[in-house]
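>>> Below are the sequence and a predicted model for it; my questions follow.
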Amino acid sequence: MAIASQAEHAQMKDEASKTSNRLTEVTSLLNDLQTLIFDTFQRLGCSQKALEDLLGLNVPINTNNMIVYLGQIEQRANELLNILHYVNLKVSVARLFSST
């Protein structure tokens, strides 16, 4: 029985080590993701005021509010796509009238 117990103990220790390593990997990935999300938020010119209205003043990105930052990024990306669509439409109309 002692041999089985030692084997079980070794297996549990190995699983705990693997779990700990996986936790470290996931934490690192989430930290990288938070950095990328915040950089994208700033590069797109997302509204800091809108973010403050949702989260409060000077709340840094974390795992609890990443989705709010992503929502702001999505909203800004949609605004930029609408601007692009509008500009392309204006160019097409201008070409249409200049060719006639």
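Done, it's in.
>>> Nearest spatial neighbour of residue 80, chain-adjacent residues omitted?
Leaving aside its sequence neighbours, residue 80 sits nearest to residue 44 (CB to CB, 6 or more residues apart in numbering; 7.1 Å). Where C-beta positions appear, they are placed from N, C-alpha and C, glycine not excepted.
>>> residue contacts, the one you found?
Residues counted as contacts of residue 44 (CB atoms under 8 Å, 6 or more residues apart in numbering) are 73, 76, 77, 80.
>>> how about a cut-off of 7 Å?
73, 76, 77 (CB atoms under 7 Å, 6 or more residues apart in numbering).
>>> got a markdown table for the residues you listed, with secondary structure and neighbour count too?
Formatted as a markdown table, the contacts of residue 44 follow (DSSP: H, G, I helix; E, B strand; the rest coil; neighbours: other CB atoms under 10 Å):
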| residue | secondary structure | neighbour count |
| --- | --- | --- |
| 73 | helix | 17 |
| 76 | helix | 18 |
| 77 | helix | 13 |
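>>> Name the nearest of these relative to residue 60.
Using CB to CB, residue 73 comes nearest to residue 60 of those, at 15.8 Å.
>>> need the longest helix for this structure.
Across the chain, the longest stretch assigned as helix under DSSP state H is helix 2-43.
>>> for it, packing partners?
helix 66-98 (3 or more CB pairs under 7 Å, 6 or more residues apart in numbering; DSSP states H and E).
>>> ok, how many other residues are close to the closest residue to residue 47 other than its chain neighbours?
Setting aside the residues directly before and after it, residue 47 is nearest to residue 72 in space (CB to CB, 6+ apart), at 6.8 Å. Using other CB atoms under 10 Å, residue 72 is surrounded by 20 other residues.
>>> And for the one 3 residues further on?
By the criterion of other CB under 10 Å, residue 75 has 14 neighbours.
>>> Could you do residue 56 as well?
Residues near residue 56, counting by other CB under 10 Å, number 9.
>>> Quick check: phi and psi on it?
phi 110, psi 170 (degrees, to the nearest 10).
>>> Quick check: the gap between it and residue 76.
Remark: distance between residue 56 and residue 76 (CB to CB, to the nearest Å) = 20 Å.
>>> now residue 17
Taken as CB to CB, the span from residue 17 to residue 76 is 43 Å.
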